[in-house]
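Q: can you look at this prediction? I've put the sequence above it.
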Amino acid sequence: MTTLASGTTDTLTRDALTVLQPGFAGTTAPDWLLRRLGAGLASVGLFGRNITAPEQLAALTARLRAERDDVLVAIDEESGDVTRLEVRTGSSFPGNHALGAVDDVALTQEVAAELGRRLAACGVTLNWAPSADVNANPDNPVIGVRSFGADPALAARHTAAYVTGLQSAGVAACTKHFPGHGDTAVDSHLALPRIDADPALLAERDLAPFRAAIAAGTRAVMSAHILVPALDPDVPATLSRRVLTELLRGELGYDGLIVTDGMEMNAIAGTYGIERGSVLALAAGADAICVGGGLCDEGTVQRLQDALVAAVRSGELPEERLADAAARVRALADWTTRARRSPAPAAAPGPEIGLTAARRAVTVTRTRPTAPPAGPVYVATFTPGANIAVGDETPWGVGAELERLLPGTTTGFFAGPDAGEEALKAAGGRRVVAVVRDEHRHPWMRTALDTLLAADPDTVVVEMGVPQSSPRGALHIATHGAARVCGVAAAEAVVAG
């Protein structure tokens, strides 16, 4: 093939950098990242490892903008169980499932607007949220409380409200995970999930929230690393022209930015490799390559840039497709820059809107008459393995709040087949508040509750995941999520009885 002219090569190299959304290690911008911003990199992804405090985050984003004023600063801040702003303390906002349980679209919009204001104040301009997945499979190991719920109409109206609220603060929404990750039993961080649903069901169920998001003006959509044979039997959605170009662009009429889910996730990296996967994703219609959730360094960025340039030179990736993708990235960067410089006036709902929403999301079921705790209790927290999206850094539960409300209360953490017996022994005769997360997905957790309830029917049960199992315990409290504010609301309900 004829060697490209130097001017074209420069443009090609810049476009290849422009479509990347890499992460990095540390709480300050490394020199290699700043150099790349000067060379054409247009986006940076932030994760919990990059953030210690709002002031530190604001200083970090200011440093990025000193190198490139219109840089897209992206973050995976769903709130609820998946938080990066408050990764070490737990979120001040409940997640989607709690908002869906309340089912007040005005509240959802207010929560998203307040979150957007906090992100904007720290210099973040693109949020990889909301999750528009319809949680059709109760055994889904990676979506769960990240979904507004199992009803497509409910998920659609709250997705639209979230997009509207977030973008009212000048932060671009990135609705995910297209065409819908809710009916999976596999975590795409670990392997490639498959959804065997017919086209009519997909259109009625999974696509409904995305249609609503598009109608609400979502500035970005994130693809899912899932195989949906009814749409494309050969490749995952992220790599599928049928899904990204023909369905999302063509049938649904979406014209904004298409972002991939993290290309280092095993559903792609373990099968195609990050470099090959990135080329295929862009050829299929993606505009931005998200990479770096599992750390990203200069070498990774260089390899991806080289792979894209080589694919254009070989003819595998049309240069026009890469140029179009880069142009969409720059268009979103321009929108966020204008929004940042001329923020729309909005009445702030106040910093307590997250706690207000969490309190409203609590569902209390009394299965037998019992008095509220009059003194210290023992909090037995049954801890399932954290999925990668949530991570294991973020604290959760009700122990800390009950220790504050009922001085002398202590907390223990348990897992495995003997968890119930161990908790009973640790409680030493004190009344137990048992905290679970997705009891329906963990047989050992059900067994542990059986043990505690057989020993003391007055045991209180707090479910902080999807409340799929029938309520049990003298008092059953469902929070619909494990954000810090959900723990506060649950502790208040325990004390109130």
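A: Everything's here; your move. Residues are numbered from 1 along each chain as shown.
Q: contacting residues for the closest residue to V279 other than its chain neighbours?
A: The shortest distance from V279 to any non-neighbouring residue, by Cβ to Cβ, 6 or more residues apart in numbering, is to A311 (4.3 Å). (C-beta placed from N, C-alpha, C; glycine too.) Shown in contact with A311 (Cβ atoms under 8 Å, 6 or more residues apart in numbering): 279, 282-283, 317.
Q: give me the three-state assignment for A311.
A: helix (DSSP: H, G, I helix; E, B strand; the rest coil).
Q: one more: the one 5 residues further on?
A: Using three-state DSSP, the structure places E316 in coil.
Q: for the residue nearest to it when sequence neighbours are not counted, give its distance to A172.
A: Leaving aside its sequence neighbours, E316 sits nearest to V279 (Cβ to Cβ, 6+ apart; 6.4 Å). Computed as Cβ to Cβ, to the nearest Å, the V279 to A172 distance reads 25 Å.
Q: next, count neighbours for A101.
A: By other Cβ atoms under 10 Å, 23 other residues sit near A101.
Q: distance of it relative to L453?
A: Look at A101 and L453: by Cβ to Cβ, they are 24 Å apart.
Q: likewise G473?
A: Using Cβ to Cβ, one gets 6 Å for the distance from G473 to L453.
Q: A113 now?
A: Taking Cβ to Cβ, one finds A113 at 42 Å from L453.
Q: which of the two has more residues huddled nearby?
A: A113 (24 against 19).
Q: after the helix or strand of the chain with the lowest mean pLDDT, next one along is what?
A: Taking mean pLDDT, DSSP states H and E as the measure, the chain has helix 6-18 as its least confident helix or strand, at a mean of 79. With elements assigned by DSSP states H and E, the helix or strand that comes after helix 6-18 is strand 20-22.
Q: buried sites along that next one?
A: Residues 20-22 are the ones in strand 20-22 that count as buried (16 or more other Cβ atoms under 10 Å).
Q: quick check: mean pLDDT of that strand?
A: Averaged across strand 20-22, the pLDDT comes to 97.
Q: in helices, which of the contacts of A311 fall?
A: Judged by DSSP state H, helices contain the following of the contacts of A311: 279, 282-283.
Q: check the offset of stretch 355-369 from the chain's centre.
A: Here stretch 355-369 is found 24 Å from its chain centre; the criterion is Cα atoms, centre = their mean, to the nearest Å.
Q: my error: substitute stretch 365-384 in the last question.
A: With Cα atoms, centre = their mean, you get 30 Å for stretch 365-384.
Q: excluding covalently adjacent residues, which one is nearest to G80?
A: Leaving aside its chain neighbours, G80 sits nearest to G95 (1.6 Å; criterion: Cβ to Cβ, 6+ apart).
Q: what about the one you found, distance to E77?
A: Per Cβ to Cβ, G95 is found 11 Å from E77.
Q: and for R340?
A: From R340 to E77 the distance is 17 Å (Cβ to Cβ).
Q: for stretch 184-191, C-alpha coordinates in CSV please.
A: This file holds the C-alpha atoms of stretch 184-191, laid out as CSV (Å, rounded to 0.1, in the frame of the first residue of the first chain):
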residue,chain,number,x,y,z
THR,A,184,-27.4,-12.1,31.5
ALA,A,185,-26.2,-14.6,34.0
VAL,A,186,-22.5,-13.9,33.3
ASP,A,187,-20.4,-10.9,34.2
SER,A,188,-18.8,-9.5,31.1
HIS,A,189,-15.7,-8.4,33.1
LEU,A,190,-15.0,-12.2,33.3
ALA,A,191,-16.5,-13.8,30.2
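Q: which parts of that stretch are buried?
A: Neighbour-count burial for stretch 184-191, counted by 16+ other Cβ under 10 Å, picks out 184, 186-189.
Q: distance from that stretch to the middle of the chain?
A: Centre-to-centre, stretch 184-191 and its host chain are 15 Å apart (Cα atoms, centre = their mean).
Q: so what touches the strand ranked longest in the chain?
A: Criterion DSSP state E: the longest strand present in the chain is strand 172-178. Applying Cβ under 8 Å, 6+ apart, the contact partners of strand 172-178 are 72, 74, 125-133, 159, 162-163, 166-167, 209-210, 213, 218-226, 237, 243-244, 248, 257, 259, 261, 332, 335-336.
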